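[1] Quick check, what structure comes out for this input:
(one chain, ligands or ions: 1)
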Amino acid sequence: MGSHYDVVVVGAGFAGLYAVHKMRDELGLDVQAFEAAGGVGGTWWWNRYPGARCDFESIHYSYSFSEEIQRGWEWSERFAGQPEILAYLEWVADKLDVRRAFRFNTRVTSTNWDDKAARWIICTDDGATCTARFVVSCVGGLSVAKEPEFPGSETFRGELYRTSSWPHEPVDLTGKRVAVIGTGSTGIQVIQEIANEAAELTVFQRTPNFAAPLGNEPVDLAQRRWNAEHHAELRAGSRQHMIGVPYDPPSGPALAATPDERRRIFDKYWDRGGFRLLVSTFSDVIFNQQANETIAEYIRERIRERVKDPATAALLCPTDHPYASKRPPFETGYYEAYNLPHVHLVDVRSAPIEAITPTGVRTSSKSYEFDVIILATGFDVFTRPLLNLGLRGRDGLKLEDRWANGPTSYLGVQIAGFPNLFVINGPKSAVALYNVPLATEDNVNFVAAALARAIADKTATFEATYEAEEAWGRLCEGILNLTVIPHSKGSWYMGENIPGKARAAYFFAGGAPLYRAICAEIAHVGYGGFALDRVSAPIPPMVRLDPAAALLLGSMLARVMKPLDELNLDEVRAVAESLRELQLPGPAMRVETVEAPRARIYIPDRAGPLPVIVFYHGGGWISGSLDLADAPCRRLADENGAIVVSAHYRLAPEHSFPAATDDTFAALSWVWKHVSAYGGDPGRIVVMGESAGANLAAVAAIRARDAGIPLAGQVLIYPPIDPEASTASRTEFADGPFFTRAIGEKMWGAYLGGAELTALAAPSRASSLAGLAPALVLTLELDISRDEAEDYAGALASAGVPVRLHRFDGLFHGVFNMSAFIPRVREMYASIGEFVATCKEQITEAA
Ligand code: NA7
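    Take a look at the predicted model:
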């Protein structure tokens with residue numbers, strides 16, 4: 001059977017080199033690595049075509065894990081070319097002394113799981129076989145070229161090259177008639193590079209692309225030294241950024257900016273390369289088609305300015321897909337190349353390529369003759385490189401069969417049914433939109449920690465569960481569906497560039513900070529969603545997030561917000577107020593202010609007398625305000641045709657218990673007596689609150705019953721009920737998402753101020769709940785207060801109170817104030833609307 005190893009690593013690109021170093025030198029494991037190429041470099045070994053270079057700045061597109069490596073290498077250009085990147089990887093390989101772990105020119109042909117022995121059997125194309133406890137695939141996502149769809153390439157009598165397996169010897173194109181097929185990132189790089197060399201250059205374009213200037217330039221010696229010395233500053237914050245590069249944050253939504261402001265911002269980031277045009281301009285271009293069109297038209301204008309022939313310019317302007325729905329390419333003089341008399345553009349959308357002939361290319365309308373044909377037609381991304389490993393998992397399960405309907409994975413790191421196989425940057429990982437070297441390091445670090453854990457615990461099998469994969473798949477797809485990416489046509493992002501390939505979410509589009517936070521949480525809770533020796537750990541909350549809630553959380557993480565429980569009082573108050581920016585604006589209406597008790601009265605333009613909602617804002621009794629409640633109260637008034645009284649109450653710790661409950665009850669009493677003067681019906685009052693405000697509403701409902709104030713209903717939006725409740729949700733969501741147990745305890749502590757806990761703070765402690773107003777209790781799946789609120793709903797029902805309980809999956813505490821970003825908040829309003837309508841009916845019937 002050959003040798004046995006702890007780990008077999010496949011691939012010698014950015015991922016493979018680091019993985020070998022990590023597993024061998026840091027974990028002390030016995031590692032054998034294979035690489036099909038003749039040397040290290042991965043993508044950068046194979047893709048030697050003219051003009052190949054990176055389009056994230058090299059100071060970012062490089063390893064960060066070693067101080068010595070970062071200091072030791074100076075990049076000569078902002079965006080290094082392929083030879084320099086390859087030289088860098090060779091230099092790193094030597095520094096880490098990892099070459100000796102590799103067998104080069106050796107392709108893995110089959111990888112079979114041996115369930116009895118709990119190990120992998122790996123066969124290679126040199127006829128050898130070995131076994132390994134773990135396989136770590138570092139085969140890359142874009143490493144297998146798309147099979148050409150054109151018949152006849154073997155008949156071509158000239159030279160035919162594929163960009164992804166370019167010869168090692170220089171290719172001389174001078175004086176030749178050259179064809180390039182494909183205008184993706186690769187085609188664009190080749191075309192601009194060889195335009196001046198070829199005698200005639202004909203570009204076959206099916207879909208025009210939104211290419212923006214790369215802004216490449218040499219880096220002078222002094223700057224190189226500075227870069228090498230100041231890598232810590234340069235790297236600081238990279239991983240905190242959505243795409244893993246410390247670019248400027250965007251300037252808010254494009255749709256909120258004037259055309260002049262938009263132009264100014266687009267101009268600023270137009271020619272600076274990287275993904276700045278996407279990530280540093282406006283926050284909505286990737287999410288909103290209309291916003292996207294503003295940037296798309298800007299780019300089309302720039303193209304039209306640069307290409308002299310209007311018909312050619314029109315062909316080069318993309319109109320059939322949103323900007324960045326396909327991977328945006330970068331260029332240097334690409335569009336000007338079409339101004340050269342010997343460069344021709346052929347539209348193969350209208351007349352598709354039918355065949356490669358002995359003399360050139362035939363389309364449905366014409367034949368062309370060439371000396372050289374260059375295929376830059378892309379890659380069979382993410383899935384093909386893994387399928388080519390000939391993987392069979394448990395019970396002989398073939399990966400082809402597992403992925404018949406598209407790829408599945410957990411984090412992009414493991415595939416259910418394939419124990420002890422770890423994938424670096426696999427399908428549904430974050431790598432497609434995350435600076436590759438950093439994404440790679442994160443994945444390798446995660447895997448190394450998992451291996452270390454398995455080894456320490458003598459765990460024979462480590463595998464993703466099918467349930468975790470499903471949850472992860474839902475999150476990936478849900479997030480992608482919030483972006484414009486699914487509106488692309490033929491993009492490798494969706495697997496659509498390969499005929500017959502399943503259209504699916506091939507990557508996680510939630511950004512680096514969220515991906516990292518999720519991975520950290522999974523590891524922290526003991527590998528939630530994985531089964532160790534077939535014992536599975538529950539799927540962690542963050543994987544169960546609603547996609548919009550996940551994205552919002554990701555953008556909060558990207559803003560380097562301190563965890564809530566580390567904030568001081570002023571900071572908590574500032575955060576609470578900042579939630580206003582996350583709310584949909586409320587409709588305009590008449591608003592009256594009263595001073596004693598302090599309140600705002602929202603009066604919709606409807607014929608009265610109207611039902612009344614008395615609303616108490618959230619904020620943990622220590623923060624929040626009538627301003628925070630303004631937009632929700634407008635919406636509640638509008639949607640329910642109700643007078644909404646938003647009641648102020650004094651905040652702790654300056655005014656601790658019972659100030660808030662006294663104020664809120666006083667407000668309710670006042671409303672009962674005076675609301676008719678505003679068009680409200682005192683017989684149809686619903687008391688309502690969010691979070692701490694919901695606690696106050698619940699208590700107010702009890703006090704109202706005791707004082708003989710009739711209420712039509714009480715709406716408790718994720719209420720904290722009792723600080724001493726010992727519930728599963730309080731444990732499970734102790735670390736969030738977003739709202740933590742620690743901040744909850746701080747808030748209760750400030751509110752109570754040392755007072756004894758009575759029913760006036762913890763309504764479940766009331767001696768009786770009988771006779772209370774009908775209740776609607778809204779709870780959130782991923783919330784510490786979920787269970788105490790649901791228990792309270794149960795207790796109300798047991799006491800004979802009509803209760804509706806509505807739990808919202810995937811949402812976290814506080815979302816009611818995040819309506820602009822979490823569309824499903826509208827379901828909460830709908831639930832309230834239905835309830836308030838029933839309250840009205842009941843009262844009407846009673847009357
Ligand atoms: P891409 O971006 O997938 O581009 C491939 C190009 O080849 C694209 O313009 C395709 O047109 C074109 N193509 C593919 N098949 C055909 C046929 N049958 N006829 C005509 N044209 C065809 O691959 P790249 O190598 O440029 O870039 C890959 C990644 O490498 C890039 O995203 C970076 O991450 C680095 P289509 O758009 O399908 O009409």
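[2] Can you name the residues that contact Glu477?
    Ala504, Ala505, Pro547 (C-beta atoms under 8 Å, 6 or more residues apart in numbering). From N, CA and C alone the C-beta is placed, and that goes for glycine too.
[3] Can I take it that it is in a helix?
    Yes: according to DSSP: H, G, I helix; E, B strand; the rest coil, Glu477 belongs to a helix.
[4] Would you state the predicted confidence (pLDDT) at it?
    If you check Glu477, the pLDDT there is 98.
[5] How much space separates it from Thr129?
    38 Å (C-beta to C-beta, to the nearest Å).
[6] that older thread, let's have the contacts of Glu477 in a markdown table, adding neighbour count and distance to Lys95.
    Formatted as a markdown table, the contacts of Glu477 follow (neighbours: other C-beta atoms under 10 Å; distance: C-beta to C-beta, whole Å):
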| residue | neighbour count | distance to Lys95 |
| --- | --- | --- |
| Ala504 | 22 | 39 |
| Ala505 | 25 | 37 |
| Pro547 | 22 | 41 |
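[7] how many neighbours does Pro352 have?
    14 (other C-beta atoms under 10 Å).
[8] And it, what's its pLDDT?
    For Pro352, the predicted pLDDT is 97.
[9] need the contact list for it.
    Contacts of Pro352 by C-beta under 8 Å, 6+ apart are Arg206, Thr363, Ser364.
[10] Would you check how far apart it and the ligand are?
    When distance is defined by C-beta to the nearest ligand atom, to the nearest Å, Pro352 is 7 Å away from the ligand.
[11] ok, now Val543?
    In terms of C-beta to the nearest ligand atom, Val543 sits 27 Å off from the ligand.
[12] Also Arg53?
    10 Å.
[13] swap in Glu305?
    23 Å.
[14] contacting residues around Ala404?
    By C-beta under 8 Å, 6+ apart, the neighbours of Ala404 are Ala502.
[15] In this structure Ala647 contacts Tyr616, no?
    Yes: counting by C-beta atoms under 8 Å, Ala647 touches Tyr616, with 5.9 Å between them.
[16] Common neighbours of these two, please.
    Thr664.
[17] I'd like the distance between the closest residue to Asp638 other than its chain neighbours and Ala236.
    Excluding its sequence neighbours, the residue lying closest to Asp638 (C-beta to C-beta, 6 or more residues apart in numbering) is Pro587, at 4.7 Å. Computed as C-beta to C-beta, the Pro587 to Ala236 distance reads 44 Å.
[18] Pull the number of nearby residues for Val648.
    Just so we're on the same page, residue 648 is His rather than Val. 19.
[19] Residue of the protein closest to the ligand, please.
    Closest approach between the chain and the ligand, counting by C-beta to the nearest ligand atom: Gly184, at 2.2 Å.
[20] my guess is that residue contacts Pro208, does it?
    No: contact criterion C-beta under 8 Å: Gly184 and Pro208 do not qualify, at 10.9 Å.
[21] follow-up on the earlier one: overlap between the contacts of Pro352 and the residues near the ligand?
    When contact is defined as C-beta under 6 Å from any ligand atom, the contacts of Pro352 meet the ligand at Arg206.
[22] Now tabulate the contacts of Pro352 in a markdown table and tack on neighbour count and pLDDT.
    Below are the contacts of Pro352 laid out as a markdown table (neighbours: other C-beta atoms under 10 Å; pLDDT from 0 to 100):
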| residue | neighbour count | pLDDT |
| --- | --- | --- |
| Arg206 | 16 | 97 |
| Thr363 | 17 | 98 |
| Ser364 | 10 | 97 |
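[23] Go through the contacts of Pro352 and flag which are in strands.
    Here DSSP state E is the test, and the contacts of Pro352 give Thr363 as lying in strands.
[24] Nearest to Phe370 among the contacts of Pro352?
    Thr363 (12.8 Å; C-beta to C-beta).
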